[in-house]
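[1] Could you work out the structure for the sequence below:
(2 chains)
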Amino acid sequence: MAGGGRPLFGEQTRFMLLLITPAALLLTLFQVVPIAIGANASFRDWALYNPKKTWVGLAHYQAVLSDPEFLWVVLPNTFIFMILSVAGALVLGLALALLLNRPFAGQKLVQTVLLVPLMVAPVIAAIMMRWMFNDQFGIVNAVLEGLGLDGQPWLVERWTAFGVIVMTDIWLWTPWYTLLLLAGLQSLPREPFEAAAIDGTSPWRVFTHLTLPMLRSVIVVCVVIRAIDAFRTFDIVWTLTGGGPGRSTELFSLYAYVLAFLTLDFGRGSAAAIIGGLIILVVGAVLYRVVDRIARA
Amino acid sequence: MAMVKEPLLFARLPLNARRVLFGLVLFAICFLFAFPVLWLILTSLRPESGVYYVHRGTEFTLGNFIDVFQDDRVIEAFANSALIATLATFFSLLVTVSSGYMLSRFQGPASRTWFGTIYVFRCVPYISWVLPLYFVAQSWGLYDTYLGLLLPHIAVHICFFSWLMKGFFDGIDPSMEHAALIDGCTRWGAFLRVALPSAIPAIAALGVLCWLFTWNEFLFALILTGNKVPMITVVMAQFVTEMGLRWNLMAATAVLALVPAFLLALFGQKYVIRGLRI
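    Sure thing, here's the model as predicted:
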């Protein structure tokens, strides 16, 4: 497919480099340089109110890795959140994509409605959920009480608050899966499906033996990209619970942010951010292999 | 395998019953999906006295929107968000279209290295580079300025969008460009006049996505701006804490923030669906 191998090599190299220069420059200035500074800070005594910048070696890393809050609350939270959010949105998004892939009256309208969360800023989504799940005035408790059930103090208890966060995230990101999977479904060849219809294959078998394998690459891309994004979720947690009650719903990004900007310990915050970055690099690579293998089987 | 039964059961129902059932399920799904937004709109229309019992009472008012429009900070935040989102979209398309084109049309070490770099940096969590970015911005005098917010917003999309753009250009047959080159067109000419026009749907899709991303972005705005460049997402998040009890005003602001995104997504939908076939 590529256009390499044509003549004009010297000119070609210059052209090639010119094409990526602006992108490479911006990437260097605003990602590579900050990461280097962060890495440097993570080895130093760098409190925001008193940046002595003396070398402390691995002390910050040790402090983060031996912080029970990080090990037993933040890390489990982050992984549970990642798994529930990705799995939930994938299943829901796939179901909706399959639904939208067949023609019916009002298909366009339904499609537009289902894409609504895509337009909603995570911050707005979190505000809405916070309002709906408000323990005194929220509609959720009003409906529950109307049904004769007890209202719950949703955002005041750890696991219900966590549930609301996960739900908000699934609501926000399902349309992404729907969009990408729908685009994938629409570009599948028709012949195998027609053949299956003639053979009278059951819809479930068509789904597991034809649709799913053919959507493999799209699903892999969706899962890997979204898992990485879910790992770094910040805004909905910040707005919904602020990490509370206590610090029980903190995710990794929030933990690093709190260390750097509320505890004002930039060195330790950077160390936490780098530990998280390393974890997600490993998780991303492993995930890519696992999902790819499952999809292949 | 229990699932096998279900479609069969569904298929045995008479056609009318099937239609009604399908319609009901569709309606329920749509209702659940749209509910939070509908609820927000309803809240924004309630007067202060009725806001705590949105589900009761029938008084409605547009007063909340008028109140919001009188708040200079909110207006300024809207203008800033729109400006940054538009500029960021323009420049990030400029930068990523060419980078994606390079990734698609050239093979060899340079292209492989660039692709590897992009892939790795796509995985780095925002927080790992946004925390120190605060220092970078301060030492370069970019903290709390338009430029200081705009440049990171362009940088953040480079990896993902270059990747998507590569996919789009991979789907466009390069033989037209070869023909143009043979006819004496320069490489830039082949890129700008031949390849670029056929990538317009994909570029439109990315443009819509980029604008929505930037408009909705929160963490950069939170860390890189103070009082001089308020952004709408940060102003809204502050509402929750500072105006925690004035849900009607907050809902009105949120509804206003939804409007441009909604319009854009409504008109851009078909490009996005067409453009995102990976």
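[2] For residue A:291, which residues are in contact?
    By Cβ atoms under 8 Å, 6 or more residues apart in numbering or on different chains, the residues touching residue A:291 are A:219, A:220, A:223, A:224. Bear in mind the C-beta positions are built from the backbone N, C-alpha and C, glycine included.
[3] change it to 6 Å
    A:220, A:223 (Cβ atoms under 6 Å, 6 or more residues apart in numbering or on different chains).
[4] any idea how far chain B is from it?
    Noted for residue A:291: a distance of 15 Å to chain B, by Cβ to the nearest Cβ, to the nearest Å.
[5] Now do the helix or strand containing that residue: distance to the chain's middle.
    According to DSSP states H and E, residue A:291 maps onto helix A:266-296. A distance of 12 Å separates the centroid of the chain from that of helix A:266-296, by Cα atoms, centre = their mean, to the nearest Å.
[6] ok, then the element right after the helix ranked longest in chain B?
    Determined from DSSP state H, the single longest helix within chain B is helix B:72-105. Using DSSP H and E, the helix or strand that follows helix B:72-105 in sequence is helix B:109-123.
[7] what angle sits between that following helix and helix A:266-296?
    Between helix B:109-123 and helix A:266-296, the angle comes out at 110 degrees (axes from the mean of the first three to the mean of the last three Cα atoms, to 10 degrees).
[8] Next, the buried residues of helix B:109-123.
    Neighbour-count burial for helix B:109-123, counted by 16 or more other Cβ atoms under 10 Å in any protein chain shown, picks out B:111, B:114, B:115, B:117, B:118, B:121, B:122, B:123.
[9] and of those residues, the nearest to residue A:105?
    Distance to residue A:105 across the buried residues of helix B:109-123 (Cβ to Cβ) is lowest for residue B:122, with 40.7 Å.
[10] Next one, pLDDT for the closest one please.
    For residue B:122, the model assigns a pLDDT of 78.
[11] Neighbours of residue 101, how many?
    By default, I'm working from chain A. 15 (other Cβ atoms under 10 Å in any protein chain shown).
[12] try chain B instead
    Around residue B:101 there are 26 residues (other Cβ under 10 Å).
[13] mind listing what it touches?
    B:169, B:191.
[14] Let's see that with 8 Å instead.
    Applying Cβ under 8 Å, 6+ apart, one finds that residue B:101 lies in contact with A:19, B:165, B:169, B:191, B:195.
[15] again, but for residue A:93
    Counting by Cβ under 8 Å, 6+ apart, residue A:93 has contacts A:173, A:174, A:175, A:176, A:177, A:178, A:180, A:181, A:222.
[16] In JSON lines: these, plus pLDDT and neighbour count.
    Shown next, in JSON lines, are the contacts of residue A:93 (pLDDT from 0 to 100; neighbours: other Cβ atoms under 10 Å in any protein chain shown):
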{"residue": "A:173", "pLDDT": "91", "neighbour count": "25"}
{"residue": "A:174", "pLDDT": "92", "neighbour count": "25"}
{"residue": "A:175", "pLDDT": "87", "neighbour count": "24"}
{"residue": "A:176", "pLDDT": "85", "neighbour count": "20"}
{"residue": "A:177", "pLDDT": "88", "neighbour count": "26"}
{"residue": "A:178", "pLDDT": "89", "neighbour count": "26"}
{"residue": "A:180", "pLDDT": "84", "neighbour count": "23"}
{"residue": "A:181", "pLDDT": "88", "neighbour count": "24"}
{"residue": "A:222", "pLDDT": "82", "neighbour count": "25"}
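[17] These also near chain B: which ones?
    Applying Cβ under 8 Å from any Cβ of the partner chain to these, one finds that residue A:180 fall near chain B.
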